[in-house]
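> My questions are about this predicted structure, shown below with the sequence.
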Amino acid sequence: MTQAFSEHAPDASFMHASPGFVNTGLAKQLPGYLRVPFKGLAALFARTPETCGKYMVSALLNDDYAKGWKLLNQNAVVMSKTKYHTEELKDIVWKHTLQTIEDVMKQ
């Protein structure tokens, strides 16, 4: 979606960021038998929300990302498009989004 937006507003910045595994406290909502292993994995492999935030904010302040569309990884570094970033799928999502907005506005 952000990719299509960037084509309609080329002087604006649009980013799709993948923050990775962030220890958000989501485990509190899990049943006990999942909570304990999840917390252990989070302690070993997840970033704190503060660390994640620093990377994500750094992308917002990066002059290299001031215009156009960027796909960013957990370190706020541009990553390659995935197999899902095709022109066909971009157009499908764009048309679906416009139709959804139009339908909502009719209500």
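Structure's in. What do you need? Numbers count the residues shown, from 1 in each chain.
> Would you list the phi and psi of the residue nearest the centre of the chain?
The residue lying closest to the centre of the chain (CA atoms, centre = their mean) is residue 17, at 3.5 Å. For residue 17, the backbone dihedrals (degrees, to the nearest 10) come out as phi -110, psi 140.
> Now do the contacts for the residue nearest to it when sequence neighbours are not counted.
Spatial nearest neighbour of residue 17, chain neighbours left out: residue 72 (4.3 Å); criterion: CB to CB, 6 or more residues apart in numbering. C-beta coordinates here come from the backbone N, C-alpha and C atoms, glycine included. Taking CB atoms under 8 Å, 6 or more residues apart in numbering, we find residue 72 in contact with 15, 16, 17, 18, 59, 78, 79.
> Are any of those buried, and if so which?
15, 17, 59 (16 or more other CB atoms under 10 Å).
> from those residues, which is closest to residue 93?
residue 15 (16.3 Å; CB to CB).
> what helix or strand does that closest one sit in?
For residue 15, the host element (DSSP states H and E) is strand 13-17.
> in its sheet, what does that strand sit against?
strand 68-72 (parallel) (DSSP bridges).
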